[in-house]
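**Q** output the structure for:
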Amino acid sequence: MRCMRIRKGEGLDRLKLEEADEPGSPGPGEIKVRVRACSLNYHDYAVCAGMMETQDGRVPMADGAGEVEEIGEGVTGFRTGDRVVSVFFPQWQDGEATEAGFGKTPGDGVDGFAQEVVVRPASAFTHAPEGWDHAQSACLPTAALTAWRALVVEGGLKAGDTVVTMGTGGVSIFALQMARAMGARVIATSSSDEKRERLDGLGAAHTINYEKTESWGETVRELTGGRGADIVVEVGGPATLPHSIKALRVGGRIVLIGVLTGVSGDIPTALLMHKQAQIHGVTVGSRQHQIDMIRGLEASGVKPVIDRQFDLEELADAFRHEKAGEHFGKIVVRL
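**A** Residues are numbered from 1 along each chain as shown. Presented below is the predicted three-dimensional model:
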């Protein structure tokens, strides 16, 4: 079977397409899955480009979707032919967060889904949404689940809330779609006026060009009549946090899900206290969160916005497309 591996080298040139033996039959509690699609996330890029250390020969990609080919002894939740989607934290099944790193995350601590066949515990998958194709399902485990947890699980989103999203990456687009489906008002930021038009088309009430607006946090307050936003889905980190705090209503919540502008920096702590606000760090979610999210997506009709699809041998080019920042929504790799 074909698989992509990360070898020694520089940057994305480390990605090497290789042939490998197909895994055998699944053992007790396992299922054998034919992988049909993966989707790209910033975490995958960081691993593949060498920004995060990983083992030589690691198979990358955290998100995978496909169908069940064979079932091991004792598996009751899946049948041969079922369409399935992977779980980002296979060991976090339910309850409070238990993981602070990526030691067991596919494509980082263990092999991921840039390979045609895998054998894994059945608990490392959920059923895919009814009627979705593999490319759509592959967009769920990281980006969609992060948006769901930020808004629903931690954000306590309710109809009538105002949500701020940033940019046009996978998490932000999913957050916009989910918030709108639940009756919230969305104010979205982007540096591209062309992309702002597309955000309008997805239902954003207002869009802000953050490069042309000196203090977009103040603009959010103006657009909300001085009240501020209930939830900010924060993907930037230190450079955008001060704006997010300004944008927030008193008692609002910032859900920090990304650090695209760096891993540390100055935070206006006095303003944070004055706003009596909360900052909640989020890294994806549990298997049960994913099951709940898929039920919500099926009920709401929300489906991913896919920017472009690549073949497995084009994985490095797919990451270059992601790094250029020109995409709108998710990037998918077909197997």
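
**Q** please make it C-alpha for all contacts and neighbour counts, starting now.
**A** OK.

**Q** from memory residue 294 sits against residue 129, does it?
**A** Yes - counting by CA atoms under 8 Å, residue 294 does reach residue 129; the two are 5.9 Å apart.

**Q** who's in contact with the spatially most central residue of the chain?
**A** With distances taken as CA atoms, centre = their mean, the residue of the chain nearest its centroid is residue 143 (1.4 Å). Neighbouring residues of residue 143 by CA atoms under 8 Å, 6 or more residues apart in numbering: 41, 170-171, 174, 284.

**Q** using TSV, lay out those together with neighbour count, secondary structure and distance to residue 199.
**A** What follows is those, written out as TSV (neighbours: other CA atoms under 10 Å; DSSP: H, G, I helix; E, B strand; the rest coil; distance: CA to CA, whole Å):
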residue	neighbour count	secondary structure	distance to residue 199
41	22	coil	20
170	28	helix	13
171	29	helix	13
174	27	helix	11
284	22	coil	23
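
**Q** excluding chain neighbours, what is closest to residue 276?
**A** residue 251 (5.0 Å; CA to CA, 6 or more residues apart in numbering).

**Q** for the residue nearest to the centre of the chain, which three-state class applies?
**A** helix (DSSP: H, G, I helix; E, B strand; the rest coil).

**Q** can you check residue 31 too?
**A** Secondary structure assignment for residue 31 (three-state DSSP): strand.

**Q** what's opposite it in the beta bridge?
**A** residue 71, residue 120 (DSSP bridges).

**Q** doesn't residue 123 make contact with it?
**A** No - using CA under 8 Å, residue 31 is not in contact with residue 123, being 9.2 Å away.

**Q** the helices in this structure, which residues?
**A** When assigned using DSSP state H, the helices of the chain occupy the ranges 42-48, 134-137, 145-148, 170-181, 193-201, 216-223, 241-247, 269-274, 287-300, 315-323.

**Q** by how many degrees do the fourth one and helix 193-201 diverge?
**A** The one in question is helix 170-181. Helix 170-181 and helix 193-201 are oriented at 30 degrees to each other (axes from the mean of the first three to the mean of the last three CA atoms, to 10 degrees).

**Q** and the worst-scoring helix or strand of the chain on mean pLDDT, what does it pack onto?
**A** Lowest by mean pLDDT, DSSP states H and E among the helices and strands of the chain is helix 269-274, with a mean of 85. On a contact count with 3 or more CA pairs under 8 Å, 6 or more residues apart in numbering; DSSP states H and E, helix 269-274 meets helix 241-247.

**Q** packing partners of the helix it packs on?
**A** If contacts are counted by 3+ CA pairs under 8 Å, 6+ apart, helix 241-247 sits against helix 216-223, strand 229-234, helix 269-274.

**Q** could these go into CSV alongside mean neighbour count?
**A** Putting those into CSV (neighbours: other CA atoms under 10 Å) gives the following:
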stretch, mean neighbour count
helix 216-223, 19
strand 229-234, 28
helix 269-274, 13
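
**Q** closest to residue 328 out of these?
**A** With CA to CA as the criterion, residue 328 lies closest to strand 229-234 of those, at 17.0 Å.

**Q** the closest one to helix 170-181, inter-axis angle?
**A** Going by the same axes, to 10 degrees, strand 229-234 makes 160 degrees with helix 170-181.

**Q** by contact count, what packs against strand 229-234?
**A** strand 162-166, helix 241-247, strand 248-256.

**Q** let's see that with 10 Å instead.
**A** When contacts are defined as 3 or more CA pairs under 10 Å, 6 or more residues apart in numbering; DSSP states H and E, strand 229-234 sits against strand 162-166, helix 170-181, strand 185-190, helix 216-223, helix 241-247, strand 248-256, strand 278-281.

**Q** in its sheet, what does the third one sit against?
**A** Read that as strand 185-190. Strand 185-190 is paired, per DSSP bridges, with strand 162-166 (parallel), strand 206-209 (parallel).

**Q** let me see the domain layout of this structure.
**A** As assigned by automatic domain parsing, the chain contains the domains 2-142+285-334, 155-281.

**Q** lowest average pLDDT across those?
**A** Here these differ in mean pLDDT, and the lowest is domain 155-281 at a mean of 92.

**Q** check the gap between residue 133 and residue 4 for me.
**A** Between residue 133 and residue 4 the distance is 22 Å, computed by CA to CA, to the nearest Å.

**Q** of the two, who's got more company?
**A** Under the criterion of other CA atoms under 10 Å, the comparison of residue 133 against residue 4 puts residue 4 first, with 25 against 15.

**Q** thank you kindly, that will do.
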